Each structure stands twice: as structure tokens, then as C-alpha cells.
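In: Here is a sequence with its predicted model. Questions after.
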Amino acid sequence: MPDAYTLQARRLPVAAVALPPGVLAGAGIITPSGLGAAAGVVLAVIAAVAGQLGRDKGKRLECALWASWGGAPTLRRMRFRDASGAERMARLHARIEKITGDPLPTAAEEAADPEGADERYKEATARIRALSYDKDRFPLLFAENVNYGMRRNLLGLRREGIAFAVLTVLAGGLLLGFAHGTLSGRAGRFGPGVGVALVALVFWIAVVRPGWVRLTAEAYAVQFIGAIDVLGAG
């Protein structure tokens with residue numbers, strides 16, 4: 001059975017893309033002419049195929065997102081240049097060094113070679129992440145990772161989500177006007193699909209934005225620092 005990450009971060013974004021045409025297809029199946037079923041099923045299949053690219057697209061845009069934020073949230077929390085106090089950062093570095101056994105850059109070393117320091121921070125981040133995969137021991141970290149993965153992949157599918165919502169509205173409008181049956185009957189069959197598509201369109205345009213993804217990325221980084229304390233305590 002798929003775990004929570006697979007269901008929420010990988011499959012839910014696909015379902016969000018496929019939902020509007022899927023609702024239209026479900027309603028159209030009961031039409032005598034089968035026109036609604038044909039239109040809805042075609043849209044649903046295309047949306048599902050496009051949705052398989054969601055994770056890949058999410059990962060591809062990740063680097064651009066991090067660059068626009070000044071670096072990955074976990075990375076920024078290891079830098080002296082992004083810290084509110086050098087002593088506080090030095091204490092964090094000491095806790096990380098206790099876990100990994102490898103020294104991290106000092107403030108002077110980071111200032112002299114920021115890129116080299118970032119590479120060492122990334123290595124330490126990867127090692128800490130590998131040690132904190134246990135979702136029973138780090139439930140909040142796992143939960144925020146799921147939230148971030150879901151929102152990132154939704155952003156990766158934003159263009160497809162908008163496109164299929166618009167297509168569903170157009171297809172539903174044609175079915176409302178020209179499908180078999182009375183106007184009230186057509187409205188009962190195809191109105192829900194059009195309504196869901198309109199709500200989805202608002203969601204994709206107004207909600208699924210980089211700032212929405214960043215909220216969960218920052219929340220994950222907070223829990224990541226908390227995991228360092230847990231690991232350091234043994």
C-alpha cells in the first residue's frame with residue numbers, strides 16, 4: 001500500500017489535474033447519447049497522462065525556486081551570513097559536527113569561500129536527512145516533507161491544471177448547449193463538472209504559487225533543525 005508521501009505528494013497533484021474532467025466524465029456516463037462520457041473520458045485520460053510528469057516537473061523547478069529564495073531553506077539555516085547571530089550558528093554547527101563527525105566551515109572560512117561552504121553544508125544536510133528518515137521518530141519532519149512535496153508538485157503541474165480546467169469548462173459548456181436531453185437534464189449532468197472546473201481554475205491561478213510552496217519549505221526547515229537536536233541527543 002502506498003505511503004503517505006506517495007499518496008499526498010505524488011498522486012494527489014495528479015488527481016487535482018484530473019478531477020474536473022473526471023467529474024464531467026462521471027456525469028456524462030449516464031447520458032443516453034454517450035457524448036458526455038466520450039468527451040469527459042478523453043479529457044480525463046489526457047490529464048492523467050500529463051499528471052505523471054508532475055513529480056519530474058516539480059523537481060525541475062525546485063532549483064529555480066531555491067535560487068529565488070536565496071538558497072534551500074535548510075541550507076540557509078546553516079549559513080553564518082544568513083544567521084541572526086554568529087554564536088547561535090556556531091552552536092548549531094557544533095551539534096551537527098557531533099552527529100556527522102566532520103567539521104563545518106567557520107564564519108571566516110564561509111566568508112572567504114561562500115560556494116565551497118555551501119557545498120559542505122549540502123553534504124551535512126544530506127547526511128542529516130539520511131539519518132532522519134524514520135517517520136515514527138520524526139513525525140513532524142515527515143509531515144512537513146509531505147506537505148512540501150505535494151505543494152511543489154502541484155506548482156509543477158500548475159500550467160496543466162489551468163489548461164485542463166479551462167478545457168473542462170469549454171467542453172462542459174458545449175455539452176450543456178448541444179448534448180441530448182432537456183436543458184434541466186443537461187444542467188444536472190454537466191453543471192457539476194463545470195462548477196468543479198471553475199473552482200479548480202481559481203485554485204490553480206490564485207493559490208498554487210511559489211509563496212504557497214515556500215511556506216511549507218520553511219516549515220520543513222524548522223523541523224529539520226529540530227531533528228538535529230533529536231539526533232544529537234542520541
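Out: Cool, the structure landed. A quick note: this is a predicted structure, and the numbers were derived from the prediction, not measured.

In: give me the number of residues near Ala107?
Out: Per other C-beta atoms under 10 Å, the neighbour tally for Ala107 reads 16. For every residue, glycine as well, the C-beta is placed using N, CA and C.

In: After the helix or strand bottoming out on mean pLDDT in the chain, heading C-terminal, what element do we hit next?
Out: The helix or strand of the chain with the poorest confidence is helix 35-51; it has a mean of 58 (mean pLDDT, DSSP states H and E). Once the chain leaves helix 35-51, the next helix or strand it forms, by DSSP states H and E, is helix 54-68.

In: Just the helices from the chain, written as ranges.
Out: Along the chain, counting by DSSP state H, helices occupy 4-5, 12-28, 35-51, 54-68, 73-76, 86-100, 107-112, 114-131, 139-156, 158-178, 183-202, 210-232.

In: And the fourth one, what's buried?
Out: Put plainly, it is helix 54-68. 54-55, 57-58, 61-62, 65-66 (16 or more other C-beta atoms under 10 Å).

In: Okay, angle between that helix and helix 210-232 too, please.
Out: Going by axes from the mean of the first three to the mean of the last three C-alpha atoms, to 10 degrees, helix 54-68 is angled at 90 degrees with respect to helix 210-232.

In: same for helix 54-68, what does it pack against?
Out: Secondary-structure packing of helix 54-68 (3 or more C-beta pairs under 8 Å, 6 or more residues apart in numbering; DSSP states H and E): helix 12-28, helix 139-156, helix 210-232.

In: Quick one: closest of those to Lys122.
Out: helix 210-232 (12.9 Å; C-beta to C-beta).

In: Does anything pack onto the closest one? Which helices or strands?
Out: helix 54-68, helix 73-76, helix 86-100, helix 114-131, helix 139-156.

In: How about residues contacting the second one?
Out: Applying C-beta atoms under 8 Å, 6 or more residues apart in numbering, the set of residues contacting helix 73-76 from outside is 66, 69-70, 82, 118, 121-122, 125, 214, 217-218, 220-221, 224.

In: Now restrict the residues you listed to buried residues only.
Out: Buried among these by 16+ other C-beta under 10 Å: 66, 69, 118, 121, 125, 214, 217-218, 220-221, 224.

In: In JSON lines: those residues, plus distance to Arg189 and pLDDT.
Out: What follows is these, written out as JSON lines (distance: C-beta to C-beta, whole Å; pLDDT from 0 to 100):
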{"residue": "Trp66", "distance to Arg189": "45", "pLDDT": "95"}
{"residue": "Trp69", "distance to Arg189": "46", "pLDDT": "95"}
{"residue": "Asp118", "distance to Arg189": "56", "pLDDT": "97"}
{"residue": "Tyr121", "distance to Arg189": "57", "pLDDT": "97"}
{"residue": "Thr125", "distance to Arg189": "52", "pLDDT": "96"}
{"residue": "Arg214", "distance to Arg189": "41", "pLDDT": "97"}
{"residue": "Ala217", "distance to Arg189": "42", "pLDDT": "97"}
{"residue": "Glu218", "distance to Arg189": "44", "pLDDT": "97"}
{"residue": "Tyr220", "distance to Arg189": "43", "pLDDT": "97"}
{"residue": "Ala221", "distance to Arg189": "47", "pLDDT": "97"}
{"residue": "Phe224", "distance to Arg189": "49", "pLDDT": "97"}
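
In: nearest to Arg77, of those?
Out: Ala221 (5.5 Å).

In: As a quick check, tell me the outermost residue of the chain.
Out: Computed with C-alpha atoms, centre = their mean, the residue of the chain farthest from its C-alpha average is Thr182, at 42.0 Å.

In: Distance check, that one against Met150.
Out: Using C-beta to C-beta, to the nearest Å, Thr182 is found at 41 Å from Met150.

In: Kind regards, and thank you for your time.
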